[in-house]
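Colleague: Give me a model of this one.
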Amino acid sequence: FKWAFSQGPQTKASMPSMFTGRYYSEVDRTPHLWAAIHPENVMLAERLKALGYQTAGIPSHRFFLPSYGLNQGFDHWDLSIVELHGTRMPHRITGHLVTDKAIEWLEKGRKQTGRFLLWLHYFDPHHFYQDHPDIDFGSSDSDLYDEEIRYTDQQIGRLLTWLEGSELIKDTYVVLSADHSEAFREHDYRYHGAHLYNDQLHVPLAILGPGLPAREVQVPVGNIDLAPTLIELAGGAVPPDLQGLSLLDFADPDANPKRPPVYAEMVKDATHSSR
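Modeller: Numbers count the residues shown, from 1 in each chain. Model (predicted):
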């Protein structure tokens with residue numbers, strides 16, 4: 001999906017939206033700047049668990065501590081990377097640990113029969129930008145960011161290589177997405193979280209798996225579409241209260257279904273006004 005967009009320019013708004021399939025402004029939460037998500041919300045992991053799925057998550061940021069509520073519905077929630085680095089996480093390189101733990105769970109942690117959801121959080125392509133000694137693209141912020149993207153690509157590649165060598169490849173779907181992007185002064189702003197420009201909202205999105213022919217989709221879509229997509233892939237009925245639409249309409253290489261506009265939002269808080 002060449003024109004995929006996050007529903008907010010930073011994790012605190014975009015991840016709750018992605019996990020619920022609703023806009024952040026609709027999510028029941030505390031009023032804090034980094035809000036805790038109330039258990040009254042129904043998360044994607046809960047919906048798949050109700051369809052008989054094992055659910056596991058491996059996060060690598062403190063926003064995924066249980067006090068924030070995003071672990072709701074996950075049977076296994078591995079906080080070891082977060083606990084290892086604590087508040088120094090933005091200054092650490094962790095993608096290799098995420099892939100290591102993912103392969104370990106696939107080999108030893110999951111029940112060897114039955115369906116599963118494994119959610120992995122690769123934090124590295126993110127401010128603060130780390131230099132990777134084995135990858136040299138230069139010394140500017142954008143160069144270091146490119147190094148982080150290349151490094152993360154390698155770590156995701158290790159996981160895909162493992163999948164391709166296992167029996168799981170026959171009936172496993174892989175979804176690659178991001179919860180925001182980064183700005184490099186395209187609009188006189190650096191990093192992310194304060195504007196709704198494309199440099200902070202335009203994200204990668206790919207869905208791979210059985211029955212999905214290779215194609216590039218030019219129609220704009222949103223991360224809010226991921227929850228209904230995964231529910232449909234799992235064989236469930238998409239709840240009518242979700243704001244997104246399943247992306248499986250694009251599985252036909254000749255289809256270009258009409259879609260509604262893609263919205264992103266910023267909810268007023270101590271750092272900015274509503275947009």
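Colleague: what pLDDT does residue 16 get?
Modeller: Looking at residue 16, its pLDDT stands at 97.
Colleague: nearest spatial neighbour of it, skipping sequence neighbours?
Modeller: Excluding the flanking residues, the one nearest residue 16 by Cβ to Cβ, 6 or more residues apart in numbering is residue 27, at 4.8 Å. Any C-beta I mention is one placed from the backbone N, CA and C, and that applies to glycine too.
Colleague: and if you look at residue 17?
Modeller: Of all residues not flanking residue 17 in the chain, residue 7 sits nearest, at 4.3 Å (Cβ to Cβ, 6+ apart).
Colleague: Measure how buried the one you found is and give me the count.
Modeller: Around residue 7 there are 27 other residues, counting by other Cβ atoms under 10 Å.
Colleague: Now do the strands in the stretch 101-250 of the chain.
Modeller: For the stretch 101-250 of the chain, applying DSSP state E, counting those that start in this stretch gives strands covering 116-120, 174-177, 183-184, 190-191, 202-203, 205-208, 221-222.
Colleague: For the longest helix seen in the chain, which helices and strands make contact with it?
Modeller: As assigned by DSSP state H, the longest helix anywhere in the chain is helix 141-164. If you count contacts as 3 or more Cβ pairs under 8 Å, 6 or more residues apart in numbering; DSSP states H and E, helix 141-164 packs onto helix 95-104, strand 174-177, strand 183-184.
Colleague: how about those, which one is nearest residue 11?
Modeller: Residue 11 sits nearest to strand 174-177 of all the helices and strands packed on helix 141-164, at 12.6 Å, using Cβ to Cβ.
Colleague: got the angle between the longest helix of the chain and helix 95-104?
Modeller: Counting by axes from the mean of the first three to the mean of the last three Cα atoms, to 10 degrees, helix 141-164 lies at 10 degrees to helix 95-104.
Colleague: What is the neighbour count of residue 209?
Modeller: When counting by other Cβ under 10 Å, one arrives at 14 neighbours for residue 209.
Colleague: pLDDT-wise, which helix or strand of this protein ranks last?
Modeller: Lowest on mean pLDDT, DSSP states H and E among the helices and strands of the chain sits strand 190-191, with a mean of 92.
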